[in-house]
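S.K.: fold the following, please.
(2 chains)
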Number of protein chains: 2
Amino acid sequence: MEIPAGAVAVIFHSVRRIDPDTGSAMDAAGYAAMAEAMQDLAAQQPGYLGVESVRDPATGLGITVSYWADDASARAWKSVSEHLVAQQRGRDDWYAAYSVVVAEVTRSY
Amino acid sequence: MEIPAGAVAVIFHSVRRIDPDTGSAMDAAGYAAMAEAMQDLAAQQPGYLGVESVRDPATGLGITVSYWADDASARAWKSVSEHLVAQQRGRDDWYAAYSVVVAEVTRSY
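M.R.: Next comes the predicted model:
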């Protein structure tokens, strides 16, 4: 992924909540639909450069990195209303834990 | 993951090479052993803050993010001799594609 210096990386670390009845991630279908909708919506935002998302189904651990032209576009995406709804669902239902690290790209190769 | 501002994130995007005979990732055991050895070795380096690594076995897509106190410690880890051997094995045998993005942390939450 060729990302220019000065771009902004938003690194989202998360752990999916496990449904005690099934032993697998809570609300897999609802989560997958929202994740796809959010990737599509992100791609329409000003300053969007790309996103890559990986989750290990066995551990529930995931990393999503989205890349933005600048800090303003990264912050704007955090505040898009449909995304705020998704963030709330994430906190309430889908994630056992998460953290976000924002960083300014210095080089890529 | 609480990462201080000014720390350095090294974001490693990769795709595992698929063995055409088995249809799954090439040399899974050898790769897993090296990945574990490299995580242990990284943790012993000056300036190491943490690492998180996720791979989806179904797609072969992976993201590893390592965090370092500063750019010098991130660069030093890239040049550790055992790590150079692992990087060469990665290029030769394990990865169909990879890219690295280096970024300076501005905030985390």
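S.K.: low-confidence ranges, chain A, go.
M.R.: For chain A, no stretch is flagged by pLDDT under 70.
S.K.: around chain B, pick out the residues from it.
M.R.: Taking CB under 8 Å from any CB of the partner chain as the criterion, chain A approaches chain B at residues A:1-3, A:8-9, A:11, A:13, A:52, A:54-59, A:61-63, A:65, A:67, A:71, A:99-109. Heads up, the C-betas are built off the backbone N, CA and C, glycines and all.
S.K.: 10 Å - rerun?
M.R.: By CB under 10 Å from any CB of the partner chain, the part of chain A that sits against chain B consists of A:1-3, A:5, A:7-9, A:11, A:13-14, A:52-65, A:67, A:71, A:74, A:97-109.
S.K.: and those, which are buried?
M.R.: A:1, A:3, A:7-9, A:11, A:13-14, A:52-56, A:60-65, A:67, A:71, A:74, A:98, A:100-106, A:108 (16 or more other CB atoms under 10 Å in any protein chain shown).
S.K.: ok, back up a step: sort out for me which of the residues of chain A next to chain B are in strands.
M.R.: A:8-9, A:11, A:13-14, A:52-55, A:61-65, A:67, A:97-108 (DSSP state E).
S.K.: do I have it right that residue A:35 meets residue A:62?
M.R.: Yes: using CB atoms under 10 Å, residue A:35 is in contact with residue A:62, at 9.4 Å.
S.K.: most remote residue from chain A's center?
M.R.: residue A:21 (26.4 Å; CA atoms, centre = their mean).
S.K.: now it, what's its secondary structure?
M.R.: Secondary structure for residue A:21, judged by DSSP: H, G, I helix; E, B strand; the rest coil, is coil.
S.K.: so what's it up against?
M.R.: The contact partners of residue A:21, by CB atoms under 10 Å, 6 or more residues apart in numbering or on different chains, come to none.
S.K.: for it, what are phi and psi?
M.R.: The phi/psi pair for residue A:21 (degrees, to the nearest 10) reads phi -70, psi -40.
S.K.: what's the angle from whichever helix or strand residue A:36 is part of to strand A:61-68?
M.R.: In this assignment (DSSP states H and E), residue A:36 forms part of helix A:28-43. Taking axes from the mean of the first three to the mean of the last three CA atoms, to 10 degrees, one finds helix A:28-43 and strand A:61-68 inclined to each other by 20 degrees.
S.K.: pick out the residue of chain A closest to chain B.
M.R.: Per CB to the nearest CB, residue A:103 is where chain A lies closest to chain B, at 3.5 Å.
S.K.: which residues touch the nearest residue to that residue once chain neighbours are set aside?
M.R.: Nearest non-adjacent residue to residue A:103, counting by CB to CB, 6 or more residues apart in numbering or on different chains: residue B:103, 3.5 Å away. Contact analysis of residue B:103 by CB under 10 Å, 6+ apart lists A:3, A:5, A:7-9, A:11, A:65, A:67, A:101-108, B:7-11, B:65.
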